[in-house]
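In: Predicted model follows, preceded by the sequence.
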Amino acid sequence: MTKVLVVDDDFMVAKLHCRYTAAVPGLEVVGVAHSGAEALRAAHALRPDLLLLDIFLPDMDGIAVLRELRAAGLAVDALFITAARDVDTIRSALRAGALHYLIKPFQQAALHEQLRHVTSVRSRLDGLERTEARQEDVDQIFGARPRASRDLPKGLAAPTADLVDAILRAHPEGLSATECAQAAGSLSRVSARRYLEYFAETGRAEITLRYGGTGRPERRYRRLG
């Protein structure tokens, strides 16, 4: 399990973030803090893997919290969730090592997508059996998307691959080959499935099965990263 510490000065917002986090498989909320000092004490005591971290705290800003924890040698990642929109703050968060930066208000799905990405990255790292990673491993972990024209199997076209990838991005909850074809408008179900299977084979999508009342289960595809 990935241990999460929620840091927000608003008690109700912190409760919402806890509820959203608990709904993502593989994540466990281990604590809540409402100030920078509380966050520092909780992080040292609980050793979380991830902070959901606000910028505006009553005693110090969230970026300073992350920097102090890093200076103390704690191996913790941070996802900033804040109303701060100015570019200097965003740049500072990035330089402090933020995994991502969500601006309030946002849709619940946006936070779910980022939290699923965190669990996916940790799973990929834990799943590497080699002591040294290949470039394709690093590309997946850091979310780099190689050009679709590279290494495409015969019969697949880069523009169509880009279209299917955009459809996957627009449906973070996942979709079937039939739904993908309908969203594309110009693809058959068979063609859509070929591209979706290619994305699954190359680690850019995962496959889940949906079981109905009768017949074979439906294959559903969700983009990773």
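Out: Sure, I can see it. Numbering: from 1, shown residues only.

In: does E68 really touch A43, like I thought?
Out: No: the pair E68 / A43 is not scored as a contact, 9.0 Å apart, by C-beta atoms under 8 Å. All C-beta spots, glycine's among them, are computed from the backbone N, C-alpha and C.

In: who's more crowded, those two?
Out: A43 (22 against 15; other C-beta atoms under 10 Å).

In: could you dump the host helix or strand of A192 to PDB, C-alpha only?
Out: In the assignment (DSSP states H and E), A192 maps to helix 189-201. Taking C-alpha atoms only, helix 189-201 is exported to PDB below (Å, rounded to 0.1, in the frame of the first residue of the first chain):
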ATOM      1  CA  ARG A 189     -14.500  -2.000 -33.800                       C
ATOM      2  CA  VAL A 190     -11.800  -4.400 -35.100                       C
ATOM      3  CA  SER A 191      -9.400  -1.600 -36.000                       C
ATOM      4  CA  ALA A 192     -10.000   0.200 -32.700                       C
ATOM      5  CA  ARG A 193      -9.200  -3.000 -30.900                       C
ATOM      6  CA  ARG A 194      -5.900  -3.500 -32.800                       C
ATOM      7  CA  TYR A 195      -4.700  -0.100 -31.600                       C
ATOM      8  CA  LEU A 196      -5.900  -0.600 -28.100                       C
ATOM      9  CA  GLU A 197      -4.200  -4.000 -27.900                       C
ATOM     10  CA  TYR A 198      -1.000  -2.400 -29.200                       C
ATOM     11  CA  PHE A 199      -1.200   0.200 -26.400                       C
ATOM     12  CA  ALA A 200      -1.700  -2.600 -23.800                       C
ATOM     13  CA  GLU A 201       1.200  -4.600 -25.200                       C
END
